[in-house]
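Visitor: my questions concern the predicted model and sequence given below.
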2 protein chains.
Amino acid sequence: MPDRTAAPDSTASPRRSDATRTAILHAARERFAADGYERATIRAIARDARIDPSMVMRYYGSKEGLFAAAVAVDLKLPDLGAVPRHEVGEALVTHFLDLWESNEVLTALLRVGVTNQAGAERVQDIFRDQLLPVARAVCPDPEQVATRAALSASQLLGLALARYVLRLAPAAALHRREIVAWLAPTVQRYLTAPNP
Amino acid sequence: MPDRTAAPDSTASPRRSDATRTAILHAARERFAADGYERATIRAIARDARIDPSMVMRYYGSKEGLFAAAVAVDLKLPDLGAVPRHEVGEALVTHFLDLWESNEVLTALLRVGVTNQAGAERVQDIFRDQLLPVARAVCPDPEQVATRAALSASQLLGLALARYVLRLAPAAALHRREIVAWLAPTVQRYLTAPNP
DNA sequence: CGTCATGGCCAACACGCGTTGACCACCGCG
DNA sequence: CGCGGTGGTCAACGCGTGTTGGCCATGACG
């Protein structure tokens, strides 16, 4: 039996069950995003995908396995080295806004990361493997890259938290361009300002 | 039966059970902070408090009632009107750092607020009743108070999220004075800068 | 046509949960 | 002394959970 827990892409013959697999993943992302890890039950996910709960176990092994497959996310961050230096803040903020609004996988990741140890580690991985390298391309002092990337992450995650998860009314009411106007200078300073 | 669900302080005769009540609240805050709402079981909280689970029900009615009692929090925010205008950012950041590090109740509130509807509403209440009025004392344009307070909250919550909940390594490693040095100008700008 | 892997459903298991109500021990007041 | 309220334990209930294994349909292939 080949390892079919990954996304049904790339090489090799497509199976008849690929539609079911993606339906499960889709429903899982929705439920994890809406309910968090514990309250997103396999039974509910299976109901959304119109299949039997035991199929989820067959294809993903366990609830943890399903979660891991559901939040395997590529942020597709732009190469900040190719962006004018004084626009990196704006580039990052707009990119993250696009991500949050196009895809519920980030909401799922954040919700689960807050409650679940495995989820938190997933967030740490993404920070280390995807955000850190991008920050490295733009930070002045290599020793400060981690700090500056973490500060940027704190502001970007904090806005997503207030806006998409906690739904603080004024944060949810902000227009996209307002968010960019306020946050871009902050991230810009965190990443490129010479000094604290 | 008088309403004894609140903290055992203020007027009226202290009961013999007050020690148990506070022990339950203490254990509840620890568990909610460490595990979130769903995984913080009444049984585990009772075990920590060395009593029977049914006592929790007697004193707090239900798990929801226990949570409400456990996260009734007063941020004790300083009067920003009495602070030099160019120091309000620093004052807020240091105050919040004190809060997060002295008291696990904020961690509990954040963890539960992310997973639980009632928890999210609690955070909204605190934002509206405690942070908004303080921001009003320092914001230039009254129409922008809510926006500016929400932006400040996003940065403060975001740092707490990265540092105390997700435990991103570089955010957890930051020294207190570094956090103040980086975040104070951000919050200062959100609250008092004339323009986006 | 037979056969066998594949996709899918159903029924059940063991477990932990929030919650309930019956029961006991003690202390203070009449 | 008696007795009622207060603080506390114990055992159980009903429910929903993740997970398991057995059974059926179907379609590709020899």
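Guide: Arrived safely, thanks for sending.
Visitor: regarding chain A, what is its longest helix?
Guide: The helix spanning the most residues in chain A, taking DSSP state H as the definition, is helix A:18-39.
Visitor: where do the strands sit along chain A?
Guide: Assigned strands in chain A: none (criterion: DSSP state E).
Visitor: any bit of the longest helix of chain A sitting next to DNA strand D?
Guide: No - for a cut-off given as CB under 7 Å from any atom of the strand, helix A:18-39 has no contacts with DNA strand D; the smallest distance is 7.5 Å. (Each C-beta comes from the backbone N, C-alpha and C, glycine too.)
Visitor: pLDDT below threshold where in chain A?
Guide: Using pLDDT under 70 as the threshold, the predicted model of chain A has low-confidence ranges A:1-14, A:196.
Visitor: rewinding a little: show me what counts as buried in the longest helix of chain A.
Guide: A:20-21, A:23-25, A:27-33, A:35-39 (16 or more other CB atoms under 10 Å in any protein chain shown).
Visitor: hmm, that helix in reach of chain B?
Guide: Yes - interface with chain B: helix A:18-39 contributes A:35-36, A:38-39 (CB under 8 Å from any CB of the partner chain).
Visitor: what about that helix, distance to the chain center?
Guide: 14 Å (CA atoms, centre = their mean, to the nearest Å).
Visitor: list the helices and strands that helix packs on?
Guide: With contacts taken as 3 or more CB pairs under 8 Å, 6 or more residues apart in numbering or on different chains; DSSP states H and E, helix A:18-39 sits against helix A:42-49, helix A:53-60, helix A:63-70, helix A:105-115, helix B:18-39, helix B:105-115.
Visitor: mind putting the ones you listed in a markdown table, distance to B:Val123 included?
Guide: Output for those, formatted as a markdown table (distance: least, CB to CB, whole Å):
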| stretch | distance to B:Val123 |
| --- | --- |
| helix A:42-49 | 25 |
| helix A:53-60 | 32 |
| helix A:63-70 | 25 |
| helix A:105-115 | 12 |
| helix B:18-39 | 13 |
| helix B:105-115 | 4 |
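Visitor: can you give me the buried ones in stretch A:111-127?
Guide: Under the neighbour-count criterion of 16+ other CB under 10 Å, stretch A:111-127 has A:111-116, A:119-120, A:122-124, A:126-127 buried.
Visitor: what's around A:Trp163, how many residues?
Guide: No, residue A:163 isn't Trp; it's Arg. Neighbouring residues of A:Arg163 were enumerated by other CB atoms under 10 Å in any protein chain shown; the total is 21.
Visitor: ok, A:Glu38 to A:Ala27 distance?
Guide: 17 Å (CB to CB, to the nearest Å).
Visitor: on that earlier part again, the longest helix of chain A and DNA strand C in contact?
Guide: Yes - contact of helix A:18-39 with DNA strand C is found when judged by CB under 7 Å from any atom of the strand, involving A:19-20.
Visitor: so who does the closest residue to chain B within chain A touch?
Guide: Distances from chain A to chain B, computed as CB to the nearest CB, single out A:Gly158 as the nearest residue at 1.9 Å. If a contact means CB atoms under 8 Å, 6 or more residues apart in numbering or on different chains, then A:Gly158 has B:153-159, B:161 as its contacts.
Visitor: center of chain A - which residue?
Guide: Nearest residue to the geometric centre of chain A (CA atoms, centre = their mean): A:Leu106, 3.2 Å.
Visitor: what sits against the nearest residue to A:Leu109 once chain neighbours are set aside?
Guide: For A:Leu109, ignoring the flanking residues on the chain, the nearest one in space by CB to CB, 6 or more residues apart in numbering or on different chains is A:Val71 at 4.9 Å. Counting by CB under 8 Å, 6+ apart, A:Val71 makes contact with A:29, A:32, A:105, A:108-109, A:112, A:119, A:122.
Visitor: repeat for A:Pro53
Guide: Going by CB under 8 Å, 6+ apart, A:Pro53 touches A:42-43, A:46.
Visitor: in ChimeraX, select just the buried ones from those residues.
Guide: In ChimeraX syntax, the buried subset of the contacts of A:Pro53 is picked out as below (16+ other CB under 10 Å):
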select /A:42,46
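Visitor: out of the contacts of A:Pro53, who's near DNA strand D?
Guide: Among those, proximity to DNA strand D is found for A:42-43 (CB under 7 Å from any atom of the strand).
Visitor: turn the contacts of A:Pro53 into a markdown table, including distance to B:Asn195.
Guide: As requested, the contacts of A:Pro53 are arranged in a markdown table below (distance: CB to CB, whole Å):
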| residue | distance to B:Asn195 |
| --- | --- |
| A:Ile42 | 50 |
| A:Arg43 | 52 |
| A:Ala46 | 51 |
